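**Q** starting from these lines, generate the structure:
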Amino acid sequence: MPRPRRSVSLRAALLSVLAVGLLSGGVGGLVGGLVAEDRMTGAAGNLSNDIPSDTPSRPPDTIAGVAQRVSPSVVSIRGSGPQDSGNGSGFVIQDNYVVTNNHVSAALEGGGIEVVYSDGHSSPATVVGAAPGSDLAVLELSDPLDVDPLEFGDSDDVTVGDTVIAIGAPLGLDGTVTTGIISAVDRPVTVGETGAETYLNALQTDAAINPGNSGGPLVDAQGRVIGVNSAIATMGGGMTGEQSGSIGLGFAIPAAQAQRVVDQLIRTGEAPYAVIGAVLDMRYQESGALISTDKAAGGTAVVGGGPADRAGLRSGDVIVEFDGESVRDANQLVSMIRDRTPGDEVEITYRRDGEERTTEMTLGSSNE
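**A** I've put the predicted structure just below:
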């Protein structure tokens, strides 16, 4: 079977018939792009990337116009060895750094990483920093090309129905552009193998994204990055090494989270994520998130002196609200926590012995 970096089909996080998988490179079937409106509100006029002379120019307030101005700043990422092929995508930001997914850079780092621009120019790259818990990484180029850096947009202002464009290298096909809409926001998604999960409070889109789109941008009408494409849901399956294409269920890391993590990676090389210092029972079937009572967790699942302990929580408590938002299950709660910053003050409502109680908590920090 192929190694995980080539094709990883991951456990379901939405419905029993869906397998949510990271978008690593490999072989698979192509899925056609979706039809969207030709004209868009706003424009990518702040980008001045040159349009190839043999390409008909389009107004910046059209999908084609946005794609023409954004695409030169989108790169494909592959291994520099002779046996390596396209494995993911990325995009250039300020100071010629490239943002991509951690699962893309981690799979290639040992053998060397090469970044390829839309005009064929290539540059060796090194990893500045990586955040496995957020599935983000930043690369630094040794021979960058002069292109306009892409800017992060306001993902908190995104709403269902907004038109979006995905650009990347699905299945190694560089410069592929697809379009669709935002299908949902704040969608809790869990991807990764047991013990190495990534929890996303994701933007969901029906824009066709496939293996190889990993790390590429999801942009709005102004050409601003509102998400980093990271995972797709596929029908059925779940076997390691299985490959499948888009069924119109793609997930992107929101720009608000991505920008925060990227800034930390550039400054320090690491990006700690928020934790509550308690083990949750992922098998709990009722509403809320149960703090584990399993003795295998050491008799208590609350870390002594940690955030949950200081807030008065203990094993057997069921967290039902996180800072005013209802908690459906443990996966959703972890996604909500990862969407915050270590040190944030939050209000926790929990159920103990049939009675609801409320407490304040200061979120902790972890790099593990």
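**Q** just give the nearest non-adjacent residue to Leu171, would you?
**A** Excluding its sequence neighbours, the residue lying closest to Leu171 (CB to CB, 6 or more residues apart in numbering) is Gly212, at 5.1 Å. C-beta: built from backbone N, CA, C; applies to glycine.
**Q** quick one: secondary structure of the one you found?
**A** Following DSSP: H, G, I helix; E, B strand; the rest coil, we place Gly212 in the coil state.
**Q** from Glu270, how far off is it?
**A** Applying CB to CB, to the nearest Å, the value for Gly212 to Glu270 is 27 Å.
**Q** repeat for Ile77
**A** From Ile77 over to Glu270 (counting by CB to CB), the distance is 21 Å.
**Q** per-residue pLDDT, the nearest residue to Gln94 once chain neighbours are set aside?
**A** Nearest non-adjacent residue to Gln94, counting by CB to CB, 6+ apart: Pro149, 4.8 Å away. Note for Pro149: predicted pLDDT of 94.
**Q** report how many residues lie close to Pro149.
**A** Neighbour count of Pro149, defined by other CB atoms under 10 Å: 14.
**Q** helices along the stretch 101-250 of the chain, start to end?
**A** For the stretch 101-250 of the chain, the helices defined by DSSP state H, counting those that start in this stretch cover 102-108.
**Q** output the below-cut-off pLDDT ranges for it.
**A** Counting by pLDDT under 70, the stretch 101-250 of the chain contains low-confidence ranges at 193-196, 236-244.
**Q** give me that answer again for 80
**A** Along the stretch 101-250 of the chain, the model assigns pLDDT under 80 to residues 191-197, 234-246.
**Q** wait, what's in contact with the residue nearest the centre of the chain?
**A** Residue closest to the average C-alpha location in the chain (CA atoms, centre = their mean): Ile253, at 3.2 Å. Contacts for Ile253 (CB atoms under 8 Å, 6 or more residues apart in numbering) come out as Ser134, Asp135, Leu136, Leu200, Ala202, Leu203, Gly227, Val228, Ser230.
**Q** surely the first one meets Tyr273?
**A** Spelled out, it's Ser134. Yes - with contacts counted by CB atoms under 8 Å, Ser134 reaches Tyr273, the gap being 6.3 Å.
**Q** which neighbours do the two share?
**A** Common contact partners of Ser134 and Tyr273 (CB under 8 Å, 6+ apart): Arg338.
**Q** CA atoms of stretch 269-284 as PDB?
**A** C-alpha atoms of stretch 269-284 as PDB (Å, rounded to 0.1, in the frame of the first residue of the first chain):
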ATOM      1  CA  GLY A 269       9.100  28.400  14.700                       C
ATOM      2  CA  GLU A 270       6.300  26.900  16.800                       C
ATOM      3  CA  ALA A 271       2.600  27.700  17.500                       C
ATOM      4  CA  PRO A 272       1.200  26.300  20.800                       C
ATOM      5  CA  TYR A 273      -2.500  25.600  20.800                       C
ATOM      6  CA  ALA A 274      -5.100  26.000  23.500                       C
ATOM      7  CA  VAL A 275      -6.100  23.100  25.800                       C
ATOM      8  CA  ILE A 276      -8.300  22.700  28.900                       C
ATOM      9  CA  GLY A 277      -6.100  20.100  30.600                       C
ATOM     10  CA  ALA A 278      -8.700  17.300  30.700                       C
ATOM     11  CA  VAL A 279      -9.100  14.000  28.800                       C
ATOM     12  CA  LEU A 280     -12.500  13.800  27.000                       C
ATOM     13  CA  ASP A 281     -14.400  10.600  26.400                       C
ATOM     14  CA  MET A 282     -14.700  10.500  22.600                       C
ATOM     15  CA  ARG A 283     -17.100   7.500  22.900                       C
ATOM     16  CA  TYR A 284     -19.800   9.400  24.900                       C
END
